[in-house]
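A.B. asks: Whatever this is, show me its structure:
(chains A and B, ligands or ions: 1)
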Amino acid sequence: MRLHDVCPSRPAVEPVMSAHFMAGQPWRFYRTLHRCGKHSAPLWAPARLWSSSSESPPLHTRALLFLTQRFYDVELLMGLNSELKRRTVQWKNSYNSYARQRLGMNIALAHFVLRLKGGFRYVGQDDWFRVDKRGKFSWDFLNHKNTPIEEVDLSHSLINFTGLQSLEGQQSLRTLSLRGCSQVDDWFLARLHIFQNSLEELNISDCPQITVGGLAALRNLRGLRYLDISSLPRISSPGLVVILLEEMLPQCHIVATGYDLSMFQDTVEDEKEIKEQGKTDNRTPGMQ
Amino acid sequence: MLTWRRLHVKVRAAHAPLTSRLVTRQHAWTHGHLTSCLKLSTSTALRKDFFKDVETTFVEMKKKAADALPSSNWSPFYINPNLPPERADIVIVGGGVMGWSIAYWLKKMENSRNGMRVVVVEKDPVYTQASTVLSAGGIRQQFSLPENILLSLASADFLRNVNEHLNVYNEDPVDLQFNQSGYLFLANEKVAHIMEENYHIQSQFGAQVSLLSPTQLQERFPWINTDGVALASYGLENEGWFDPWSLLNGFKRKAISLGVIPCTGKVTDFDYTVTLAHMYDQDVMVRRVKSVKVQMPNSPEYQPVECAIVINAAGAFSAKVTEMLRVGSGDKYSIDGIPFPVEPRKRYIYVFNCPDGPGLDTPFLIDYSGVYFRREGLGGNYIGGASPDEENEPDAGNLDVDHDFFVEKVWPELAHRVPSFEKLKVTSSWAGFYDYNTLDQNAIIGVHPLINNMYCATGFSGHGLQHSPGVGRALAELILKGGFETLDLSVFGLDRIMKQEPVLERNIL
Ligand SMILES: Cc1cc2nc3c(=O)[nH]c(=O)nc-3n(C[C@H](O)[C@H](O)[C@H](O)COP(=O)(O)OP(=O)(O)OC[C@H]3O[C@@H](n4cnc5c(N)ncnc54)[C@H](O)[C@@H]3O)c2cc1C
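C.D. replies: Got it, this is the predicted structure:
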């Protein structure tokens, strides 16, 4: 059932527009542009949507309306900008199934890591493969089709949840460094269970998106011996979190530097008090 | 936008006596910016109460005076500015998470901006009784029906990218406070085979779940007493819990920014036409809603909203909405005599403190006895509860909590499963209504065969919060595109209700 069949009061959708949109998913940018264009008409023309008052708006209101319209353009540009950024991240993290099938998992991963400007080390070798300052790298890794990778360093890279797919299947990955990765979030940490038997060292310091909700998922990494959670900006009571993590991962050495130590003490004590009192606000039950 | 706000503030300052009028007018003219206007008008709340009171009286007085001026549009009849519009394309009854999710997806899929007018009618803007905010906030993939598994996967995907979907320009991102702690189901010998079958279905559809023997369970969760457990299944990914408020507000804020009209009021009646049709081998009356009667809060005033489509997302009280159209009042043996099978069922949640409890290690644990619990925050708090037996359903007329239920039914099982819970202390509790589907405890999604322009999204019986993103999208597709596209949810259609053929989950409880 189409809408305009059933509702005569509804302004009919222009056929040209609907043709565009019926033909598959349009590009999101186009849609925003379109929205922007559509929006200006009802703002200018005093088409009433609401049942009260009927005069035309006073001058200052019209000026404001004018401005909001101009700001739609700014908003559009800003939106476009973040969309482009998002696309770059997605592209960098895209999964190369072709390389994986033709050249094998290890080579595909090696290429993926170097493309993200990271580094890695093969099992039984001391040398690291890394990109140089200009982002160039040697293709020597093509000779190591069957050597598994043991250490991966993706510090300060754009790796995200999607990118993790390229690391899947690495049964001998022991060390993973994700220091300062802006796209690494809690969902990423939850996904790390794919290395649950092999991963021994994990560095997630300086990751701006990580919260306690994600750290809880590290319980699945049963072989973890070393964990660096320094300087995580979204952890509000680091002292308590470290204690809880130590309880959860008894065999693991946890490093947490870069937190304000005086606050550190305070929060531990505060939280202990809370723990003893155990008060939860009854009015907002669903809240954490 | 910033400049615009600043300007707005200036205008406010310059016309101080007229403030409230200006703000309402802004509402009317730039409904796309409703949120920022709201923000401005709440800023007074920061001031001292006394000054606020004086100011409001003053403003009101001035407003009356200004209204009496010849140039004003004052009329002897008071027009309530909160009235819903007289006409709309789609009216959504119920502004819980489901209603707002549907509103968001409808707007997201519409062809052109303001191409259709969507109104969400909510009787209780602070949500004292809505299940959404009284839920436990859990999301799991561990179901047995492929549709439920896929819905959860779709919703997890939505929640993972929540800020790509629900970000509003110039506003803070949505913070769901998602806890990636997984669900742990425990089965005894009697139901272990069901768990195993479910596990295979779940894996087949892409859920990351692992089966654990009692020994493995003991090894991974040393604080559990494995007595009586024959098999456990543990979700590794996409499972946990989050803050229902954040999701609800996220949907609401985004939907409003896309042009959905929020309205506070109660749907009390419908104006509808009836035609005779032949279906399910019988002659039946088919209704068609012409307008929705919206009663304004605390006043006898109401507004009929003419509309093309009504969506019933009234949660536990959705049967009340269909009753207004006399569905279920017909002859007992005809399909018109089948009542809408959703009723409120009261469920308690108890908050307890236990400093020696399992801490950060706690998943959302569901025991075969029916008892469940999860961690709540980091201060050694947990929340838990259980569903009562069918015969002992508590009275759903209020939201009072029965504390004996905890002592008699919940605590013994908790302490048996986690010995450290013997020393727990209950600190608070609350109750909420399940939107309980009496036929098969599964969702009801689709158009009502006896009301040909009413779509339903209700009856979730305890898993509606987690499925709201997926269901909202599916229903929007059904309405705007004429059929399900990304996920076929036709098993949850109302056809099964008319035929009384339940679609059941295979549970381990
Ligand atoms: C104790 C408890 C625990 C739960 N735990 C979970 C969980 O862990 N995970 C999960 O996914 N789900 C859970 N649920 C279920 C979940 O909360 C619901 O399925 C979901 O919130 C339903 O959303 P809704 O929007 O349909 O209903 P609601 O949130 O109830 O919203 C319906 C709204 O409609 C309004 N309304 C009703 N009638 C009218 C009318 N005539 N006019 C205007 N407005 C009206 C109401 O005021 C209400 O705000 C739980 C529920 C309870 C009670």
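A.B. asks: Can you verify my assumption that residue A:228 contacts residue A:202?
C.D. replies: Yes: the criterion here is Cβ atoms under 8 Å, and residue A:228 meets it with residue A:202 at 7.2 Å. To be clear about C-beta, it is placed using only N, CA and C from the backbone, and glycine gets the same treatment.
A.B. asks: Just want to know which of the two has more residues nearby.
C.D. replies: residue A:202 (23 against 20; other Cβ atoms under 10 Å in any protein chain shown).
A.B. asks: For my notes, confirm the more buried one occurs in a strand.
C.D. replies: Yes: assigned with DSSP: H, G, I helix; E, B strand; the rest coil, residue A:202 falls within a strand.
A.B. asks: Return the residues in contact with it.
C.D. replies: Taking Cβ atoms under 8 Å, 6 or more residues apart in numbering or on different chains, we find residue A:202 in contact with A:175, A:176, A:177, A:178, A:192, A:218, A:221, A:224, A:226, A:227, A:228.
A.B. asks: you'd agree residue B:327 is in a helix?
C.D. replies: No: applying three-state DSSP, one finds residue B:327 to be coil, outside a helix.
A.B. asks: Next, give phi and psi for the nearest residue to it once chain neighbours are set aside.
C.D. replies: Leaving aside its chain neighbours, residue B:327 sits nearest to residue B:450 (5.5 Å; criterion: Cβ to Cβ, 6 or more residues apart in numbering or on different chains). Reported as degrees, to the nearest 10, the phi and psi values for residue B:450 are phi -100, psi -10.
A.B. asks: Quick check: the gap between residue B:450 and residue B:370.
C.D. replies: Separation of residue B:450 from residue B:370 (Cβ to Cβ, to the nearest Å): 35 Å.
A.B. asks: who's more crowded, those two?
C.D. replies: Of the pair residue B:450 and residue B:370, residue B:450 is the one with more neighbours under other Cβ under 10 Å, namely 25 against 17.
A.B. asks: who are the neighbours in contact with the more buried one?
C.D. replies: By Cβ under 8 Å, 6+ apart, the residues touching residue B:450 are B:284, B:285, B:286, B:287, B:325, B:327, B:335, B:336.
A.B. asks: Compute the distance between it and residue B:459, please.
C.D. replies: Distance of residue B:450 to residue B:459, computed by Cβ to Cβ: 16 Å.
A.B. asks: and if you look at residue B:441?
C.D. replies: 8 Å.
A.B. asks: Pick out whichever of the two has more residues nearby.
C.D. replies: residue B:459 (29 against 19).
A.B. asks: Look up the pLDDT of the more buried one for me, please.
C.D. replies: pLDDT for residue B:459: 96.
A.B. asks: all strands for chain A, in order.
C.D. replies: A:119-122, A:128-130, A:149-153, A:175-177, A:201-203, A:226-228, A:253-255 (DSSP state E).
A.B. asks: With distance to the ligand and mean pLDDT added, can I get those in JSON lines?
C.D. replies: Listed next are the strands of chain A as JSON lines, based on distance: least, Cβ to the nearest ligand atom, whole Å; pLDDT from 0 to 100:
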{"stretch": "strand A:119-122", "distance to the ligand": "41", "mean pLDDT": "94"}
{"stretch": "strand A:128-130", "distance to the ligand": "46", "mean pLDDT": "92"}
{"stretch": "strand A:149-153", "distance to the ligand": "36", "mean pLDDT": "95"}
{"stretch": "strand A:175-177", "distance to the ligand": "32", "mean pLDDT": "96"}
{"stretch": "strand A:201-203", "distance to the ligand": "30", "mean pLDDT": "97"}
{"stretch": "strand A:226-228", "distance to the ligand": "30", "mean pLDDT": "97"}
{"stretch": "strand A:253-255", "distance to the ligand": "31", "mean pLDDT": "95"}
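A.B. asks: could those strands go into a markdown table alongside distance to residue B:260?
C.D. replies: A markdown table is the format used below for those (distance: least, Cβ to Cβ, whole Å):
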| stretch | distance to residue B:260 |
| --- | --- |
| strand A:119-122 | 49 |
| strand A:128-130 | 51 |
| strand A:149-153 | 45 |
| strand A:175-177 | 43 |
| strand A:201-203 | 43 |
| strand A:226-228 | 44 |
| strand A:253-255 | 46 |
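A.B. asks: that older thread, between all of the contacts of residue B:450, which two are separated the most?
C.D. replies: Maximum pairwise distance among the contacts of residue B:450 (Cβ to Cβ): 14.2 Å, between B:325 and B:335.
A.B. asks: the more surrounded of the two?
C.D. replies: Taking other Cβ under 10 Å, residue B:325 and residue B:335 do not tie; residue B:325 has more neighbours (23 against 20).
A.B. asks: who's in contact with that one?
C.D. replies: B:270, B:272, B:287, B:289, B:450, B:451, B:454.
A.B. asks: one more time with 10 Å, if that's ok
C.D. replies: With contact taken as Cβ atoms under 10 Å, 6 or more residues apart in numbering or on different chains, residue B:325 is in contact with B:269-270, B:272, B:274, B:285, B:287-289, B:310, B:312, B:340, B:448, B:450-451, B:454.
A.B. asks: now swap in residue B:369 and tell me
C.D. replies: Contact partners of residue B:369, counting by Cβ under 10 Å, 6+ apart, are B:186, B:188, B:228, B:386, B:409, B:410, B:412, B:413, B:414, B:416, B:417, B:509.
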